[in-house]
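Q: after the sequence you'll find the predicted model.
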Amino acid sequence: MYAHHPSPDAPDNLLGEIAALGNAPNVRRVPLWIVFLLCIAVVAGVWIRGTWGRDFMTPPSPEVIARAKIKATQQLARPSDLFALPATPPTAPVEETTPEPFQSEPPPPPPPPTLPLDHLPEPLPQDFWVGQSQYPAGSFLQAGQTLEAESQATAALTAYERVLDALNPSDEELRAALKGMRRTRALISVPEEAPAGAPLVKLKIHTPSSQVSATRKAARLAAEALAQASHRQLRFEAWITPDRKKTEHLTLSLERPGEEEPASAEVVVTEDVDRLRQDLLSAAFRLVASTLALDPTLRPISQPPEGEPSDDSLAHRITRRAWSHFVPQVTHPDEP
């Protein structure tokens, strides 16, 4: 085999190398006619292999033309993948639900019967309408609102009071009656002094000796608040008894005329007069409510929520009729 080793004087580029090989005396070249025959054989083989067994002279049958049309139509109808959007994941099948049958809202309840307001006596007794239990609480609330609109505050207050002491109202009706009592009692003046012969209720208080001064001031204020809450139907006086025992509590009892052993309640002693006054009134409310609970002609006194001032509870949750029952001698003779 011939091996060419370029000398230092040979050309440096590729063309020079090729030229040097071509001019070498021992290199044998393929004849050009063989190259031409090989090219013709390759082309002829590809053409013969691709057209072998095909008839290019006979026209196609109608069946072939029909299949070609169908195939072309399908290929043309297929969308191009070039601008195709990504396929969305299949969604879960939606279950068909049967709609519920239409239910109409129940009709509103009929309005309560109207309480007769014609020919009301003047002045209106505070136990008026006590025997009208056939009317519901809504009738008395409606009557109170009507009388308020006609500026008859005392009659309106009486209608609201019947909801509290003679009927069985719902919580909503009870709240509405309390609001009405607060509005109307603010329009009615309370007598400055109790009438002659009004029963006396003693606030008997046993208090530690060190707290006598603060207790006396608070008890005097509490007695005045109780008198106003009863609409001056009763008189209240504070009776203070020093107790030498070292204790942090005082004992309060409301002694009615002819009562020998009244119920009592304990109150934490404090030097804050206003705080002690509130505590005394809170204890007094519990004593009055527990006493009136024994009266079968009265509805039990509603308990005040936490934070309600004791003055408000005594003035509005205990009606004037209920205060008159606290001392039986005050009960009106015409009340059933």
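A: Yep, it's here.
Q: any idea how far P108 lies from A265?
A: 46 Å (Cβ to Cβ, to the nearest Å). Where you see a C-beta, it was placed from the backbone N, CA and C, and this is true even at glycine.
Q: which one of those two has more residues nearby?
A: It is A265, of P108 and A265, that has more neighbours when counted by other Cβ atoms under 10 Å, with 19 against 6.
Q: any figure for the gap between that one and I240?
A: 16 Å.
Q: kindly report the same for P169.
A: 40 Å.
Q: so which of those two has more stuff around it?
A: Neighbours per residue (other Cβ under 10 Å) separate P169 from I240, with P169 holding more: 21 against 18.
Q: count of residues packed around the residue nearest to the more buried one when sequence neighbours are not counted?
A: Using Cβ to Cβ, 6 or more residues apart in numbering and skipping the chain neighbours, the partner closest in space to P169 is A137 (3.9 Å). Neighbourhood size, A137 [other Cβ under 10 Å]: 22.
Q: please apply the same query to the one 4 residues further on.
A: Other residues near L141 come to 23 when the count uses other Cβ under 10 Å.
Q: show me what contacts it?
A: 159-160, 163, 173, 176-177, 180 (Cβ atoms under 8 Å, 6 or more residues apart in numbering).
Q: redo that, cut-off 7 Å
A: Contact partners of L141, counting by Cβ atoms under 7 Å, 6 or more residues apart in numbering, are 163, 173, 176-177.
Q: all helices for the stretch 51-200 of the chain, in order.
A: 62-77, 137-149, 153-165, 171-185 (DSSP state H, counting those that start in this stretch).
Q: can you list the low-confidence ranges for this protein?
A: Filtered on pLDDT under 70, the chain yields the residue ranges 1-27, 53, 76-96, 102-103, 329-336.
Q: care to break it down by domain?
A: 137-185, 200-330 (automatic domain parsing).
Q: okay, the ones you listed, which one's buried deepest?
A: domain 137-185 (a mean of 20; mean count of other Cβ atoms under 10 Å).
Q: what is the end-to-end distance of that one?
A: Chord length of domain 137-185, first to last residue, is 19 Å (Cα to Cα, to the nearest Å).
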